[in-house]
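> Can you look at this prediction? I've put the sequence above it.
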Amino acid sequence: MNDSAQTDPASLRADLGWVVAAKAAIGVTVLLGGFVAVSDDDFSRIVLAQRWAIEPKLDPTGTSWLPFPFWLNGGVMWLLGRSLAVAQSSAFVLGLMAAMVLYASARNLTNRRAAVVGAILASSFPWSARLGVAAVPELLTAALCVFALSTLAKPSARLRLWGAAAMLAACLSRYEPWLPALVFAAYTLRDARDKRHHWLPLAVALFGPLAWLGHNALAHGHPLHFLARVSAYQRAVAGKASLMVSLTGYPLSLLREEPELCFVAALLFVTQWRRGKAAIKHTAGAPLAIALGLMLLALSAARLPGGAPTHHAGRALLAIWLALAIYVAHVADQLLAEAPRRFFVMAAALVATLLVGGLVLRPWYARLDAFSARGEELAIGAAVRRHASAGQRVLIQVDDFAFFAVQAASGRPEAFVRDRDIDPRKRPQASSFGSIEALQGRAQAGRVRWVVAKATAVTYRLGPPVAIAG
């Protein structure tokens, strides 16, 4: 991808204004459409940030989730309060920040016009649109990863250091950027032979993975403890994937979950190849393509021992789609500048591709895991916030992971006593809600004042409920 002169401050503000306005409009549209959360992980992350706000710690989870998102969101809650509204507003703002980071990424790789279009396109496809308002770190993480790799296209030492800082934050948020971090380090090591100041970006980029490995070795006795924990959970929930499913799962998800974007990118690549302009090794985007290609291979390999995400595979592929969106904008802009007639022919073909993708391929071929609304649980959490005074404890019935939504909406997750542990890696525990005697015993042992549970003959023996939802 080509480069051009630096954007002046006024033009930069105008470009970012368009990008942020577009992303805000997309986010509002998604929220008005009823989207609440990707999964119960969203609410569990909110709960962990709420806990961090009153009890900060280096490792917020004590398990396998990386800490940076909890430091960030927990810090916001420490300043503004621990309500669900604060968590959701933070997610919206971080989505806007991700769009600005994507513009900066595209600006490192292409001209100003294509950068604006690329950033808006990268903010628009369904997975990016949803994750731009969800309380999970995937969109900002992927954007930071793409930005870090885009800085390899520039000789600036200052920009490279910013890229390293972005890669550090990404690597402390999700595991997918770890392999791209190695590619970033390899290119920076190559450049460090001529520029000694590149040694600092090299160290910063690798610090995240190395620090987390060291933490696991000290805290849990093995540097790969997190991988063993994730693999055990994957096997308990879904079993071990076959060799064929492991090798083909993510490549198929790449096409299946965003068919329009992938087909448009493929069509443009073929067009450029036929024009003799698709040689990736001669472009500024080569490190980005290499790093994300290796990331896709690593994700497929990680499925064999069960080290890949257990649901919603698209979350792990987001950086690839973001890069494809920037590529599509760049090539389309190049066609418009160099071959206007060919561009309009291509535009018609692209519209046809989008129509086929949206009306045929997506309904038939795109099979996504269900998204989580948890409206009833959120309503009960709000009722707990209204009725339970500070210091009063709440016993909550646990049949699935919906209890996280109740805790998150209450704003006081530390007040809850869980009925039982339903970790699939552990031996199943009996529910305390099987009989009134067991329920009363559990309530007395937990010194609880309130109970959140399904309406049954057992729970109605406690008295009339003060709030009902669903």
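On my side now, so go ahead. Just so you know, these numbers come straight off a predicted model, no measurement behind them. Residues are numbered from 1 along each chain as shown.

> Return the helix or strand in the protein with minimum mean pLDDT.
Each helix and strand of the chain was given a mean pLDDT (mean pLDDT, DSSP states H and E); the minimum falls on helix 362-365 at a mean of 60.

> I'd like the next helix or strand past it.
helix 375-387 (DSSP states H and E).

> Which strands or helices does that next one pack on?
helix 84-109, helix 403-410, strand 450-452 (3 or more C-beta pairs under 8 Å, 6 or more residues apart in numbering; DSSP states H and E). Any C-beta I mention is one placed from the backbone N, CA and C, and that applies to glycine too.

> would a markdown table of the ones you listed with mean neighbour count, mean pLDDT and distance to Y187 be doable?
Output for the helices and strands packed on helix 375-387, formatted as a markdown table (neighbours: other C-beta atoms under 10 Å; pLDDT from 0 to 100; distance: least, C-beta to C-beta, whole Å):
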| stretch | mean neighbour count | mean pLDDT | distance to Y187 |
| --- | --- | --- | --- |
| helix 84-109 | 23 | 97 | 13 |
| helix 403-410 | 27 | 95 | 40 |
| strand 450-452 | 22 | 93 | 52 |
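
> Quick one: closest of those to L296.
Nearest to L296 among the helices and strands packed on helix 375-387 is helix 84-109 (18.5 Å), distances taken as C-beta to C-beta.

> and the angle for the helix or strand following that closest one with helix 84-109?
Along the chain past helix 84-109, the next helix or strand (assigned with DSSP H and E) turns out to be helix 112-124. Between helix 112-124 and helix 84-109, the angle comes out at 150 degrees (axes from the mean of the first three to the mean of the last three C-alpha atoms, to 10 degrees).

> Would you mind measuring from A382 to S39?
From A382 across to S39, the span is 20 Å (C-beta to C-beta, to the nearest Å).

> Test my guess that V116 contacts V19.
Yes - counting by C-beta atoms under 8 Å, V116 touches V19, with 6.2 Å between them.

> Comparing the two, which shows the higher neighbour count?
V19 (25 against 22; other C-beta atoms under 10 Å).

> Tell me the secondary structure at the more buried one.
helix (DSSP: H, G, I helix; E, B strand; the rest coil).

> just F401 next, same as before
Per three-state DSSP, F401 ends up coil.

> Next up, the contacts around A388.
V394, S410, R412, A415, R449, W450 (C-beta atoms under 8 Å, 6 or more residues apart in numbering).

> So for V116 and V19, which residues contact both of them?
Y103.

> Against R174, how distant is the residue nearest the centre of the chain?
Centroid-nearest residue in the chain: E138, 1.3 Å away (criterion: C-alpha atoms, centre = their mean). As for E138, its distance to R174 is 7 Å (criterion: C-beta to C-beta).

> With I54 instead?
Taking C-beta to C-beta, one finds I54 at 25 Å from R174.

> That concludes my questions; thank you for your assistance.
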